[in-house]
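Q: Got a predicted structure plus its sequence, pasted below:
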Amino acid sequence: MTDPAPRITLRGLPLAAKLVLSVFLVTVGIGYFSALIQLHLQHSSREGEALPTMADVVEVFAGVKKIDPNAPPEVPTSRLERLVMGPVEGPPFNGSGSMAAAFFHKDGALYKGEIKDRGKETVDAEREGERQAVRALIRSDEADRKAAYEADRLLLPPDLAGKPITADYLHDDKAAVKVKTILADRCERCHKRGEEQEKFPLETYEHLAKYMEVAPAAEVLPGGWVRSDRQVSVEKLTQSTHAHLLSFAMLFTLTGLTFAFTGYPGLVRGVLAPAALVAEVADIGCWWLARLPDYGPSVAMAIPVTGGIGGIALALQIILSLLDLYGPRGKAVIVLLMAAAAAGFGVLGVRVIGPALRAEREATTRPKEAPPPAPEPATKPQANGSPTPKPIAAGDAPVPPQPAAGQPPHLERLVMGAVEGPKWDGTGSMAAAFFHKDGGGFKRALKADPTSKPQVEAERDGERQVLRAWIHADDTARKAAYETDRFPLPPDLTGRPITADYLDGSAAKVKSILLDRCERCHASGAEQEDHPLETYEQLLKYLRPEK
């Protein structure tokens with residue numbers, strides 16, 4: 001008989017391999033912490049708890065919640081009313097939380113520009129009026145509701161007459177509101193073909209009607225449970241299962257194998273090495289078994305346990321493997337680094353996480369204040385409710401555009417690209433932001449005057465031409481024009497059609513154009529906040545020729 005080969009351990013690896021494994025283990029730990037943040041954002045009630053409570057887990061996976069005997073009786077409401085009239089801050093921005101933010105800071109970034117011009121209190125009061133008008137529509141009789149929607153004219157009930165409502169949505173007589181237009185701009189813009197939520201269309205009255213039905217009183221199930229509409233859909237659960245079993249399984253296999261080659265006793269390695277993987281499989285199994293009609297709530301209560309076991313097992317695999325990689329001096333360095341990380345996390349908890357959780361808690365407990373009245377608009381509205389634009393003028397000395405070297409700047413390529421056809425992203429074309437993807441203004445202009453389409457399109461193209469001329473200007477003149485919001489028109493653009501709101505004598509308000517057409521989606525809190533365009537410095541890297 002021959003002696004068994006010596007067992008390979010982490011300690012025997014070369015230094016380069018140890019460093020690679022160390023960085024890998026730390027990276028997995030940081031990634032898992034990010035997953036916990038995602039867990040808070042997706043499944044918690046956003047009421048100040050760091051992680052979803054047991055009640056949250058049961059609601060999300062089993063679709064039921066306990067009856068609170070001390071809570072006031074719930075007034076039956078439709079799903080659309082609950083989503084529209086929900087809290088503006090705090091709940092998840094989805095169909096199981098609240099969609100109220102679509103009337104405020106998640107309206108496509110127009111809100112931010114309006115509060116700069118007219119003040120937050122005024123704009124908030126008008127946006128609240130829009131929500132109240134939609135609720136009045138929902139609570140109307142079926143026949144009246146459908147007629148008001150199709151005619152885009154809902155007579156304001158007495159409690160809303162004279163209340164602040166965005167001028168664009170009021171008819172000339174101020175006695176009726178354009179409720180269909182409100183729904184198109186606040187809801188349909190994301191819930192139609194070609195947009196993010198096209199699977200839940202809201203383009204017709206028939207689409208909306210099913211969300212305006214008032215559900216019957218909740219049936220009390222055995223054990224004191226009632227149904228909740230927070231339950232995750234089968235489609236989303238399938239996507240999560242697919243992502244977790246492929247990604248987490250790979251990571252937990254690698255961390256488990258790393259721990260399996262440590263020098264700890266065989267029993268410890270045999271139990272802990274596969275523990276994270278086993279817990280992950282058990283956790284996902286409980287997701288699906290929680291949908292069982294009779295035992296679902298009980299199974300759902302096991303999900304925090306299986307998830308906790310998996311998290312603890314992963315943490316032990318990472319920490320113990322890191323300590324086993326090195327000798328006494330290396331262990332001392334690892335311990336010091338862990339202490340520094342713990343201190344950094346403590347600072348993060350005190351200065352970032354704690355205040356964020358307190359803000360969520362306060363947002364759910366703060367009493368709602370009555371919105372202040374809005375002042376009368378400073379300019380006389382047109383027939384479509386928008387302010388009368390300033391007349392086009394010409395004059396002043398222009399700044400001639402400078403020729404570009406090599407490839408066109410990134411921003412020019414996106415702005416001057418094709419309006420239809422290319423991908424709507426940074427690799428295709430963003431030209432549609434000046435036309436039908438401008439947040440609803442283009443559509444409203446054509447609806448107010450269907451014959452104006454050639455003129456409106458020419459003016460919108462004029463905005464693009466202004467931006468191209470500005471992009472090619474000398475950097476000093478370009479920056480000054482941006483900061484003063486006044487770009488003297490070059491000769492080839494003088495007298496050309498340009499949207500009147502962006503003209504200032506013989507100059508164009510180039511910063512305002514960028515704000516309305518680009519920044520509205522590329523600002524903090526907007527869809528593309530990861531690619532901000534709120535300052536000249538942020539724009540600058542897109543103003544250079546592409547390589």
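A: Sure thing, it's come through. Given the structure is predicted, the values throughout are model-derived calculations rather than measurements.
Q: CA atoms for contacts and neighbours, from now on please.
A: Noted.
Q: Low-confidence bits of the stretch 301-450 of the chain, can you list those?
A: Scanning the stretch 301-450 of the chain for pLDDT under 70 picks out the ranges 363-406.
Q: Please disregard the earlier target; I meant the stretch 1-150 of the chain.
A: Within the stretch 1-150 of the chain, the ranges that satisfy pLDDT under 70 run 1-5, 68-75, 90, 96.
Q: For the stretch 251-400 of the chain, which segments count as strands?
A: With DSSP state E, counting those that start in this stretch as the definition, the stretch 251-400 of the chain shows no strands.
Q: Okay, domains of the chain per the record?
A: With automatic domain parsing as the criterion, the domains of the chain are listed as 11-47+233-325, 75-217+328-382, 410-540.
Q: Mind putting those domains into TSV with mean neighbour count?
A: TSV is the format used below for the domains of the chain (neighbours: other CA atoms under 10 Å):
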stretch	mean neighbour count
domain 11-47+233-325	17
domain 75-217+328-382	16
domain 410-540	18
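Q: Please tabulate these in JSON lines and include distance to Met54 as additional columns.
A: Listed next are the domains of the chain as JSON lines, based on distance: least, CA to CA, whole Å:
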{"stretch": "domain 11-47+233-325", "distance to Met54": "7"}
{"stretch": "domain 75-217+328-382", "distance to Met54": "17"}
{"stretch": "domain 410-540", "distance to Met54": "30"}
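Q: average pLDDT across stretch 499-518?
A: In this model, stretch 499-518 carries a mean pLDDT of 91.
Q: Tell me the gap between that stretch and the middle of its chain.
A: Distance of stretch 499-518 from its chain centroid, counting by CA atoms, centre = their mean, to the nearest Å, is 27 Å.
Q: Pull up the distance across that stretch, start to finish.
A: 16 Å (CA to CA, to the nearest Å).
Q: next one: stretch 417-436
A: Distance between the two ends of stretch 417-436: 14 Å, counting by CA to CA.
Q: For it, what is the distance to the chain centroid?
A: When distances are taken as CA atoms, centre = their mean, stretch 417-436 is centred 21 Å away from the chain's centroid.
Q: if we look at it, which residues are touching it?
A: Applying CA atoms under 8 Å, 6 or more residues apart in numbering, the set of residues contacting stretch 417-436 from outside is 413-416, 438, 442-443, 457, 460-461, 463-464, 517-518.
Q: Show me these that map onto strands.
A: Among the contacts of stretch 417-436, no member is found in strands (DSSP state E).
Q: Run through who's touching stretch 284-301.
A: Contacts to stretch 284-301, defined as CA under 8 Å, 6+ apart, come from residues 54, 57-58, 61-64, 237, 241, 302-303.
Q: Compute the mean per-residue pLDDT across stretch 251-267, please.
A: Rounded mean pLDDT across stretch 251-267 is 94.
Q: Keeping just the C-alphas, turn it into CSV.
A: In CSV, the C-alpha atoms belonging to stretch 251-267 read as follows (Å, rounded to 0.1, in the frame of the first residue of the first chain):
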residue,chain,number,x,y,z
LEU,A,251,-20.5,32.2,-6.1
PHE,A,252,-21.4,29.9,-3.2
THR,A,253,-19.7,27.0,-5.0
LEU,A,254,-16.5,29.0,-5.3
THR,A,255,-16.6,30.2,-1.7
GLY,A,256,-17.5,26.7,-0.5
LEU,A,257,-14.6,25.1,-2.5
THR,A,258,-12.2,27.8,-1.2
PHE,A,259,-13.2,26.9,2.4
ALA,A,260,-13.0,23.2,1.6
PHE,A,261,-9.3,23.6,1.1
THR,A,262,-8.6,25.3,4.4
GLY,A,263,-6.8,23.6,7.2
TYR,A,264,-9.8,23.3,9.6
PRO,A,265,-11.0,19.9,10.8
GLY,A,266,-12.8,17.7,8.3
LEU,A,267,-16.1,17.8,10.2
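Q: what does it contact?
A: 8-11, 25, 28, 269-270, 272-277, 314, 317-318, 320-321, 324-325.
Q: Which members of those residues are positioned in helices?
A: 25, 28, 269-270, 272, 275-277, 314, 317-318, 320-321, 324-325 (DSSP state H).
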